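>>> here is my input; please provide its structure:
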Amino acid sequence: MPDSLSFLGHATIMFHMRGKHILTDPVLSDRVLYLRRRNFSAIRWLEEQPAPDLILLSHLHLDHLHLPSLRRLPCDAPMIAPKGSGKWLRRVLCRPVIELSPGDDYRIDDVTVTVTYAEHGGNLPIIGLAQGYLLKGESVAYFPGDTDVFPQMADLARENIDVALIPIWGWGPTLGAGHLDPKSAAEAVALLKPRHVVPIHWASFRPMGPIWEMFTYLRVPGPKFIYYMKQYAPETQVHFLEPGGQFVIPPRENGVSNPSLLLPKNQTL
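Below you'll find the model as predicted:
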């Protein structure tokens, strides 16, 4: 079967590659501190997924590292985490923790996971650690975690990325340093040169209180990303997935078509 991925909201993706199931940044609760998930239950989508064989943790911010979600998953699934975070993670979790740094490889049967640099750190110990992942099975997938654009993205283009999971916003009305917005996300795609892009890390969570549904940041990043993609990377096809949606990575011989304008429900250009 061809490689595929399932989108579970925000930065939580289950990759299905060469018979292995690899889960990124699992946040599977409907609430994270003062954030509330919008319009769906992640538990429903989790129940439809196979148990993960491997978990990838990009960094230790609470919208990516959610201890209750990790404790919900089988303890025998190992987790790759930034080097320097393992001592603390092993104290609070039951699972094996494998500490790796950018440039390191980890192999699980026929799938190779390579740790990549991410421009998202800070000066705080442990919490400032951040990285992304390149997954190679039948296809090549890139999960950057949280990051800003960085020049080495052009080097990753040599990997012939089939699909990149690209953050295009966050959970609030403003973004801090080390994040991608619709314009910089399109610039990142231009450097990476993937065949396909799935936008992530937007419109899944908002602060508690219905008033936040009135804010445009929950709606406009998708259309803006399409707008900038037409300028910076028109050869890359864009696929917006609803939570629970699956994307089957097309074989390379299928070629590349123009960017898709399919947007989630209630989104307009």
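>>> give me the below-cutoff pLDDT ranges for the stretch 151-269 of the chain.
For the stretch 151-269 of the chain, the stretches with pLDDT under 70 are 254-269.
>>> where do the strands sit along it?
Assigned by DSSP state E, counting those that start in this stretch, the stretch 151-269 of the chain shows strands spanning 163-167, 196-200, 205-207, 237-238, 246-248.
>>> the nearest residue to D146 once chain neighbours are set aside - how many residues pack around it?
Closest residue to D146 apart from its sequence neighbours, by CB to CB, 6 or more residues apart in numbering: H120 at 4.4 Å. For every residue, glycine as well, the C-beta is placed using N, CA and C. For H120, the count of nearby residues is 26 (other CB atoms under 10 Å).
>>> one more: R38?
Around R38 there are 16 residues (other CB under 10 Å).
>>> now it: how far from E242?
12 Å (CB to CB, to the nearest Å).
>>> please apply the same query to F143.
Noted for F143: a distance of 19 Å to E242, by CB to CB.
>>> nearest to L93 among the strands of the stretch 151-269 of the chain would be which one?
Minimum separation from L93 across the strands of the stretch 151-269 of the chain (CB to CB) falls at strand 205-207, 22.3 Å.
>>> OK, contacts around I166?
By CB atoms under 8 Å, 6 or more residues apart in numbering, the contact set of I166 is 144, 180, 185, 188-189, 197-200.
>>> tell me what it is bridged to.
On the basis of DSSP bridges, I166 is bridged to P199.
>>> picking up where we left off before, and F143 and E242? Which one has more around it.
Neighbour count, other CB under 10 Å: between F143 and E242, F143 has more, with 26 against 11.
>>> ok, what's across the strand from that one?
Residues in beta-bridge contact with F143 (DSSP bridges): Y133.
>>> how far away is it from Q131?
For F143 relative to Q131 (CB to CB), the value is 10 Å.
>>> overlap in contacts of those two?
In contact with both F143 and Q131: S58, using CB under 8 Å, 6+ apart.
>>> Three-state assignment for A81, please.
strand (DSSP: H, G, I helix; E, B strand; the rest coil).
>>> identify the residues contacting it.
57, 89, 97-100.
>>> partners of it in the sheet?
Residues in beta-bridge contact with A81 (DSSP bridges): E99.
>>> going forward can the numbers begin at 46, since that is how I track them
Yep, numbering from 46; the last one is A126 now.
>>> any idea how far the residue sitting furthest away from the middle of the chain lies from Q291?
In terms of distance from the mean C-alpha position of the chain, I256 ranks first, at 27.0 Å (CA atoms, centre = their mean). Per CB to CB, I256 is found 33 Å from Q291.
>>> what's the closest of the contacts of I211 to G54?
Using CB to CB, those come closest to G54 at I245, 8.6 Å.
>>> residue contacts, that closest one?
By CB under 8 Å, 6+ apart, the neighbours of I245 are 52, 55-56, 58, 210-213.
>>> need these in CSV with distance to C120, can you?
Converted to CSV, these look like this (distance: CB to CB, whole Å):
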residue, distance to C120
F52, 25
H55, 23
A56, 22
I58, 21
L210, 26
I211, 31
P212, 29
I213, 34
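>>> for the residues you listed, which one is nearest P252?
P252 lies nearest to H55 out of the contacts of I245, by CB to CB, at 14.1 Å.
>>> how about the closest one, secondary structure?
coil.
>>> which pLDDT value belongs to it?
As predicted, H55 sits at a pLDDT of 94.
>>> give me the neighbour count for it.
Neighbour count of H55, defined by other CB under 10 Å: 26.
>>> the residue nearest to it when sequence neighbours are not counted and A233, how far apart?
With sequence-adjacent residues excluded and distances taken as CB to CB, 6+ apart, H55 is closest to S249, at 4.0 Å. In this structure, S249 and A233 are 20 Å apart, going by CB to CB.
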